[in-house]
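Engineer: Predicted model follows, preceded by the sequence.
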Amino acid sequence: MDPRYKEDSEYYGIKFQYRPIYIGKGNGKRLYDHLKYASKNGRISFIVSKIKSLISQGLSPIIEKIYETTDEVIAYKMEADLIKIIGRIDIETGPLTNLTDGGIGGTSVKRKPWSDEHREKMIRLRRLSPPRKGKTNSIEMRRKQSESHKDKKFTDDHKEALSKKKSRTVILYEDNKEIEFKNAIELSKYLKVSQSTVYVALKKNKMVNNKIIQLKKS
């Protein structure tokens, strides 16, 4: 778990006090393999890179054994179920750094390596447009942005696209069950929260009232 983000959440009766970043099945000292690789500059993977980032900030991941069983089939199923319900960063469904679906024969995700030309292009683009993380616009800039949005009229196509987005089916995970709602409006009424709360949670992969919600894949 990531010690920088305190999030009291629960999946399948298993409670997390911080944001989960990896789910894995193993035995013995397998629990600490990724930390070992990160500490000794071992093999690099998504989770190892994440741990290295924490270590560089003087932090360490919170490692916990969340479930024990002698039945390997059950262990694999629990791993796959948790990865599915929590979600993976690489496919934009959640915070986990897992790159497979988990379980027996979990599918791997293979990515085509960048060419030297493409890598140089990305470096040039980053230099021209550096990330704005942690930066805020000036008061004057915010005023101009506000003025530019006044009296803005949407085209019919834009209105239709917004309507379709609002009408997408939403899934709520509750009591180990998947409950489908026709749209975010119905879900907001069920959870007794505002529609904007639901939209923001869906966009940022956050929970609402300690419950996981996701857009149903079309």
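Structural biologist: Perfect, thanks for sending it.

Engineer: and the next element down the chain from whichever strand in the chain runs longest?
Structural biologist: Assignment by DSSP state E gives strand 2-11 as the longest strand of the chain. Where DSSP states H and E defines the elements, the next helix or strand beyond strand 2-11 is strand 14-19.

Engineer: which residues sit against that following strand?
Structural biologist: 1-10, 62, 66-67, 82, 95 (C-beta atoms under 8 Å, 6 or more residues apart in numbering). From N, CA and C alone the C-beta is placed, and that goes for glycine too.

Engineer: now the angle between strand 2-11 and it, please.
Structural biologist: 150 degrees (axes from the mean of the first three to the mean of the last three C-alpha atoms, to 10 degrees).

Engineer: Now strand 14-19: buried residues?
Structural biologist: For strand 14-19, burial by neighbour count (16 or more other C-beta atoms under 10 Å) applies to Phe16, Tyr18, Arg19.

Engineer: same thing with stretch 68-77?
Structural biologist: For stretch 68-77, by 16+ other C-beta under 10 Å, it's Ala75, Tyr76, Lys77.

Engineer: Return the distance of the last one relative to Arg119.
Structural biologist: Lys77 is 40 Å from Arg119, where distance means C-beta to C-beta, to the nearest Å.

Engineer: if we can go back for a sec, out of the buried residues of stretch 68-77, which is nearest to Asn209?
Structural biologist: Comparing the buried residues of stretch 68-77 against Asn209 with C-beta to C-beta places Lys77 closest, at 26.9 Å.

Engineer: I'd assumed the closest one was in a strand, is it?
Structural biologist: No. Secondary structure of Lys77 (DSSP: H, G, I helix; E, B strand; the rest coil): helix, not part of a strand.

Engineer: The closest residue to it other than its chain neighbours - how many residues pack around it?
Structural biologist: Spatial nearest neighbour of Lys77, excluding adjacent residues (C-beta to C-beta, 6 or more residues apart in numbering): Gly103 at 6.4 Å. A count of neighbours around Gly103, defined by other C-beta atoms under 10 Å, yields 18.
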